[in-house]
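1. please work out how this folds:
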Amino acid sequence: MTYVYVAINPATNPPCIKIGITDDIDKRMKQLSVGQLRRWESLYEYYYSSRWKSKCVERQLHGAFQSRNCKNTRDCSSREMFFASPHHVDYLITHHHPKFEATRLRNGNISYSCSFNREYYTLDPDDIKKKYKNWINSDDDSVKEYQKLLRYKNNHKELKKHLAEFMGFMDEKVRVGTKISEGEYLKNSNILKKCYDTINLG
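-> Sure thing, here's the model as predicted:
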């Protein structure tokens, strides 16, 4: 009894999925979660009666999403991780059922193989990117943490911008020794207010 799984970690930034195989889903998620900020979660699981069948399906999925493999990047180093939507993977599995073959060779050994619908092999990289973008911008609970982080980063950038404006203004006035007019005071009060509002939004 073995499974192909599609898993995510809510703390991964940017979001990526892991496509792998295991005999025990819960045990595998715990193994992956060691040393991680958040626990890995299996979103989709597909049961196969033989390990070679699961291995074949995993291999085909890795090939289908090869253009979005995130190995050798600073974001993730595993060859089993991809910048792709988990729902896209699920669609492929459920709509392009694999056909398995076990052929006995002359020497008595058995050769195993599997194949998918031809369309499966010709995934458009742009389509993979599009579905990925749709996923990370969706209301899906699996990307809520990432969206929260993005909002924080955007607020932080806005805060830094306003602070730079204010500090630049103050520095200039200190150097030339001039007084701050009422209009200038109101302008920079608004900048400070924006800073505080931005902090509160976090």
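2. mind checking the SS state of residue 61?
-> State at residue 61, reduced to three classes by DSSP: H, G, I helix; E, B strand; the rest coil: helix.
3. residue 79 versus residue 27, what's the distance?
-> To residue 79, residue 27 is 21 Å away according to CB to CB, to the nearest Å. Every residue, glycine included, has its C-beta placed from N, CA and C.
4. compare neighbour counts for the two and give me the winner.
-> residue 79 (13 against 10; other CB atoms under 10 Å).
5. can you tell me the helix or strand for the nearest residue to that one once chain neighbours are set aside?
-> For residue 79, ignoring the flanking residues on the chain, the nearest one in space by CB to CB, 6 or more residues apart in numbering is residue 71 at 4.6 Å. Assigned by DSSP states H and E, residue 71 belongs to no helix or strand.
6. surely residue 71 meets residue 81?
-> Yes - counting by CB atoms under 8 Å, residue 71 touches residue 81, with 7.2 Å between them.
7. more neighbours, these two?
-> residue 81 (24 against 12).
8. model confidence score at that one, please.
-> Residue 81 is assigned 91 on the pLDDT scale.
9. bridging residues for it?
-> residue 18 (DSSP bridges).
10. surely it touches residue 70?
-> Yes - here residue 81 lies in contact with residue 70, judged by CB under 8 Å, at a distance of 5.1 Å.
11. how about the contacts made by residue 84?
-> Counting by CB atoms under 8 Å, 6 or more residues apart in numbering, residue 84 touches 16-17, 65, 68, 128, 131-132.
12. give me phi/psi at it?
-> phi -150, psi 160 (degrees, to the nearest 10).
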